[in-house]
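>>> I would like the atomic coordinates for the input below:
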Amino acid sequence: MNAYHMGKMGTAEGIALIFALVIPRVFLSGLSDVIQENGQILWLTMLIYNMIPLLVLFMMVYVNKSVSGDIVAVCQYLVGKTGAWLIVLAYSGMFLGNSALLLRQYAEYTLTTSLHQVDFQLVVVWYAVTVGIICYLGVEALCRTGYIMLPVMVGGIILIVVMVSPFCVVYNLTPWQGNGIMTAVRSGINSVGFNLGVLSLVFLSSAFQNAKTIKAIAIYTMGGIVVLRIMFALVYTMVFGVAVGSEKAMPFFELARLVYINQYIQRIEALFILVWAIVGLLAIASSLYIGLYLIAVLLKLPTMRPIVPLGAIVVTHLAMLPPDIGYTVRVDQLLIRVSQLGIYIFPGILFVLALVKKRRGKSCSSD
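Below you'll find the predicted structure:
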């Protein structure tokens, strides 16, 4: 953390980082809104909005290979100093906003599921302090913690999906086209902001070995996540149906409550609350770290540690601003829409300019 050359992390750490940034919304209420919009064809929406960011990442890797340096240097070379400031600050705001909204939602759902008598502000502060400590330790500590927890998180999702299979009703998947194929396509295109975290591989490119490692991380992670999400969406739809499923505030928790092995082993959703909370902590910490890292690089700070406490305090206050969870969810959906700028517009501009400059360079050299 004393410099921006943060080491050479491998594929496992990168997978853990992207998993922590992308998967946590499975545990939140966003799935209910998406299933209400798309119906039984929810799986197609998830396939689309998981594959688009993967293609965008490959474009950004090409840009990063064409122009050496960090994200600020790349943007300054392609769009000038003012454009670089606008793009990097926009990305930083998206990640910091995501951190604040995840903090508020995980704090609310922690109160709802397990800590009914605890003061809300105490839970928010507990999350914020833990997240600040994780960020202060650095990206390698964050990624390796995620790598340790990754088998538990993935295994927990798969276990719940398998154990609720007796409740599955295949007829709930009909009509298979749901609310329409074009509706699913539009929803998938408009929901890519869920996976903005994939671009953190480009922002932290100096922490990984090379571009090949970044591509491998993206393929393995997004491939695994799309399988998990589609499997979860199909089982969730078969268990609850579209009408009931769209009313659930905590889809994964509600699904876990159905698991019953015998009179001695039941209510196993309590076992997953701790895992669920750790996933939330890693997600909030990852978003906070990326947001602060972009600011530190933009301002050319020699180290990021002094601004970590300040960033944690700002995110905590932002998390407490919404009056209730309903308003928070609406703001979260707005942030997902705004994050499309970071998926479509900014990478598109940088990719086109990198191609143009490369071709001009070739033509000048040939002359």
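>>> Please tell me how far Gly39 sits from Pro347.
31 Å (CB to CB, to the nearest Å). C-betas here are computed from N, CA, C, even on glycine.
>>> Please apply the same query to Ile158.
Distance from Ile158 to Pro347, by CB to CB: 32 Å.
>>> Ramachandran angles for Gly138?
Main-chain torsions, Gly138, degrees, to the nearest 10: phi 110, psi 170.
>>> how many neighbours does it have?
19 (other CB atoms under 10 Å).
>>> The one 3 residues further on now?
Counted with other CB under 10 Å, the burial measure for Ala141 works out to 15 neighbours.
>>> who touches it in this structure?
Ile134 (CB atoms under 8 Å, 6 or more residues apart in numbering).
>>> Local confidence estimate at it?
Looking at Ala141, its pLDDT stands at 82.
>>> what's the helix or strand for it?
Here Ala141 sits within helix 139-163, counting by DSSP states H and E.
>>> for the next helix or strand after that helix, packing partners?
Downstream of helix 139-163, the first helix or strand assigned by DSSP H and E is helix 181-190. Contact analysis of helix 181-190 by 3 or more CB pairs under 8 Å, 6 or more residues apart in numbering; DSSP states H and E lists helix 30-38, helix 42-66 as its packing neighbours.
>>> following helix 181-190, which helix or strand shows up next?
helix 200-203.
>>> neighbouring contacts of that next one?
By CB under 8 Å, 6+ apart, the residues outside helix 200-203 that reach it are 14, 17-18, 21, 57, 60-61, 64, 70-71, 91, 95, 208, 214, 217-218, 286, 290, 293-294.
>>> got it, and stretch 14-23?
For stretch 14-23, contacts defined as CB under 8 Å, 6+ apart pick out 139, 142-147, 149-150, 153-154, 194-195, 197-198, 200-201, 204, 208, 213-214, 217-218, 220-222, 224-225, 228, 279, 282-283, 285-287, 290.
>>> Would you mind listing which of these are buried?
When the contacts of stretch 14-23 are checked for burial by 16 or more other CB atoms under 10 Å, the buried set is 139, 142-147, 149-150, 153, 194-195, 197-198, 200-201, 204, 208, 213-214, 217-218, 220-222, 224-225, 228, 279, 282-283, 285-287, 290.
>>> tell me what the host helix or strand of Gly241 is packed against?
Gly241 belongs to helix 211-245 when assigned by DSSP H and E. If you count contacts as 3+ CB pairs under 8 Å, 6+ apart, helix 211-245 packs onto helix 11-22, helix 30-38, helix 42-66, helix 139-163, helix 200-203, helix 251-256.
>>> One more pass at 6 Å, please.
helix 11-22, helix 42-66, helix 139-163 (3 or more CB pairs under 6 Å, 6 or more residues apart in numbering; DSSP states H and E).
>>> how about JSON lines for the ones you listed, with distance to Leu86 added?
Shown next, in JSON lines, are the helices and strands packed on helix 211-245 (distance: least, CB to CB, whole Å):
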{"stretch": "helix 11-22", "distance to Leu86": "23"}
{"stretch": "helix 42-66", "distance to Leu86": "17"}
{"stretch": "helix 139-163", "distance to Leu86": "25"}
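>>> ranking the ones you listed by burial, who's on top?
Across the helices and strands packed on helix 211-245, averaging neighbours per residue (mean count of other CB atoms under 10 Å) puts helix 11-22 on top, at a mean of 24.
>>> That helix - what's its average pLDDT?
Per-residue pLDDT over helix 11-22 has a mean of 85.
>>> Now do that helix against helix 211-245, angle only.
30 degrees (axes from the mean of the first three to the mean of the last three CA atoms, to 10 degrees).
>>> Quick one: distance of helix 11-22 to the chain centre.
Distance, stretch centre to chain centre, for helix 11-22: 10 Å (CA atoms, centre = their mean, to the nearest Å).
>>> One more: stretch 78-89?
Using CA atoms, centre = their mean, the offset of stretch 78-89 from its chain centre is 24 Å.
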